[in-house]
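A.B. asks: Here's my sequence, what's the structure:
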Amino acid sequence: MATDGEGRPARLAASVVCRQARGAARLLCRARDERVVRLAEATLVEIWESSDDGPKTVFYSLLEASGAEPSPAVIRLLLAPAADGTARVVAALDGCGRFAAGPHLLRWAAEPAIGDLLRVTDHPHLLESMEDAFVDGLHDGGAGLWSGNEPTPLLRAMLDNPQLDESPRWAGAWPAGAESDLAVLAMLKGRRDLLELYRPEWLVGSLLVTAGSRLPAVVIEGCRRVLRELPAGPARERLCEWAMDGSAEARAAVSEAGFVPADPKRLALFLFCSQQWERYDELDPHGAKLRKHKRSYSDADWERLSRAGFGNRRRVPRQPVPPQAWIPRAAVRVAEVTTTRYHPGGTAVSGSGGFGNPGGISF
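C.D. replies: Residues are numbered from 1 along each chain as shown. Next comes the predicted model:
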């Protein structure tokens, strides 16, 4: 009656149903009579403001009643100005009974009013929620971020929000590289300067993984472009290491950009392990340079050499045998004395007693 009816009977029924937040939320979302909707809204506002847990109670009741598409009345209630001028739901994020509203609001980003809120908000919780949603979507094949090749309303809000560029993670309050997938978002926003906040090994790894994914072309080509334009420094060196380790994306990037390690002693090794055979054969046709610096190669380098040589029927230098550990003569003599000195009660020869006597005890 309260939901489907109209007029005085519906309002009377609504006055009973509205005594609890869940009932009022259902009426707000489903009632046909506008006066019933207003009654439910007034009840929910009263509950919202009655205690510290009021906002949480009302919000989750609205989530349960609304589903994927909130009604205009729900949007109106959540975004109504609070005492400080911010939206009611945003002001509640700083209260004593604050709750994690961000992930749920992001699901309603297609609603113009919610999208507008996300586009301009500077609240840390909402910014962090958007960053989490981007990372999760990137790992899930772009779910929630792209519809085909077009960005979703949520992603458009992320790209348009200038406050997101100055959020705690970008500002270095989080460990550099802890969420290196956000580098892809920085790339999409045209903020190459933010890439410097990440550790090179994690930055390059994230860009390579994304470049080899099945995300829209604008993302893949953007990551590839960043990789090919890396300035000289740790990130470029790490890209060369990835190429030596067998990454197809890294090999394509260093080959097209002409990147080589900064240390000239590693040039022949790099060309060999990254399987740039034409350049390698021109530089070191007989393998002399590869052999010349072999004592400086690490165990990882020898593994790379073996893998590249075996897979392409190429000869590799013989790995040097490490010299035997040198032990001072004094230490050897002490060891000899220690192991041969007399032990009372025997010489560990069972039954001799230490002097060949039957029944002796060994220690």
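A.B. asks: Tell me where the stretch 201-350 of the chain has helices.
C.D. replies: Counting by DSSP state H, counting those that start in this stretch, the segments of the stretch 201-350 of the chain that form helices are 217-228, 234-245, 248-257, 267-273, 277-283, 288-292, 299-312, 329-340.
A.B. asks: Around Arg199, how many other residues sit close by?
C.D. replies: Around Arg199 there are 16 other residues, counting by other C-beta atoms under 10 Å. From N, CA and C alone the C-beta is placed, and that goes for glycine too.
A.B. asks: okay, now the nearest residue to Asp284 once chain neighbours are set aside: neighbour count?
C.D. replies: With C-beta to C-beta, 6 or more residues apart in numbering as the measure, Ala268 is the residue that lies nearest to Asp284, at 4.6 Å, once sequence neighbours are left out. Burial of Ala268 is recorded as 20 neighbouring residues (other C-beta under 10 Å).
A.B. asks: before we move on, what about Val218?
C.D. replies: By the measure other C-beta under 10 Å, the count of residues near Val218 is 12.
A.B. asks: What are the neighbouring residues in contact with it?
C.D. replies: Listed by C-beta atoms under 8 Å, 6 or more residues apart in numbering, the contact set of Val218 reads 149, 188.
A.B. asks: picking up where we left off before, any chance of the helices of the stretch 201-350 of the chain in TSV, plus mean pLDDT and distance to Ala110?
C.D. replies: Output for the helices of the stretch 201-350 of the chain, formatted as TSV (pLDDT from 0 to 100; distance: least, C-beta to C-beta, whole Å):
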stretch	mean pLDDT	distance to Ala110
helix 217-228	96	21
helix 234-245	96	37
helix 248-257	96	33
helix 267-273	96	49
helix 277-283	95	51
helix 288-292	93	58
helix 299-312	92	48
helix 329-340	49	76
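A.B. asks: May I see the ones you listed arranged in JSON lines, with distance to Thr210 as well?
C.D. replies: Supplementary listing: the helices of the stretch 201-350 of the chain in JSON lines, determined by distance: least, C-beta to C-beta, whole Å:
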{"stretch": "helix 217-228", "distance to Thr210": "5"}
{"stretch": "helix 234-245", "distance to Thr210": "13"}
{"stretch": "helix 248-257", "distance to Thr210": "9"}
{"stretch": "helix 267-273", "distance to Thr210": "24"}
{"stretch": "helix 277-283", "distance to Thr210": "27"}
{"stretch": "helix 288-292", "distance to Thr210": "33"}
{"stretch": "helix 299-312", "distance to Thr210": "24"}
{"stretch": "helix 329-340", "distance to Thr210": "55"}
